[in-house]
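A.B. asks: Any chance you could fold what I've pasted below:
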Amino acid sequence: MCRNIRTLHNFEPHATSEEVHAAALQYVRKVSGSTKPSKANEDAFEAAVHEIAHITQHLLDSLVTHAPAKHRDEEAAKARARAAVRFGTT
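C.D. replies: Model (predicted):
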């Protein structure tokens, strides 16, 4: 999986439309193999991002869980700690 696509489900506060769009954009970039489409492919690229973001939002709205919601700040701190161990930074 693309490292830039983050889990969006079961967070408090809920994922914003910007986060959903960013994940859709990363997915389309990965699948298409380009970060910026040519002019000829720009409309198809943007349409795919829009559709995937729309479907992703529907998915997130439909998912149910009994687990307590994760807190973004706590998860970000855990990720920074893992990165520090992995890359040897402080």
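A.B. asks: hmm, who's touching stretch 43-59?
C.D. replies: With C-beta atoms under 8 Å, 6 or more residues apart in numbering as the contact definition, stretch 43-59 has outside contacts at 8, 17, 20, 21, 23, 24, 25, 27, 28, 32, 37. (C-beta placed from N, C-alpha, C; glycine too.)
A.B. asks: now, which of those lie within helices?
C.D. replies: Counting by DSSP state H, the part of the contacts of stretch 43-59 found in helices is 17, 20, 21, 23, 24, 25, 27, 28, 32.
A.B. asks: and residue 75, how many residues sit next to it?
C.D. replies: Using other C-beta atoms under 10 Å, the number of residues around residue 75 comes to 13.
A.B. asks: Other residues contacting the host helix or strand of it?
C.D. replies: Secondary-structure assignment from DSSP states H and E places residue 75 in helix 72-87. Residues from elsewhere that reach helix 72-87, judged by C-beta under 8 Å, 6+ apart: 11, 12, 13, 89, 90.
A.B. asks: Make a markdown table from the residues you listed and add distance to residue 74 to it.
C.D. replies: Shown next, in a markdown table, are the contacts of helix 72-87 (distance: C-beta to C-beta, whole Å):
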| residue | distance to residue 74 |
| --- | --- |
| 11 | 10 |
| 12 | 10 |
| 13 | 13 |
| 89 | 20 |
| 90 | 20 |
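A.B. asks: residue nearest the centroid of the chain?
C.D. replies: Geometric centre of the chain, nearest residue: residue 23, 3.1 Å, by C-alpha atoms, centre = their mean.
A.B. asks: Contact partners for that residue?
C.D. replies: So residue 23 contacts 5, 6, 8, 53, 56 (C-beta under 8 Å, 6+ apart).
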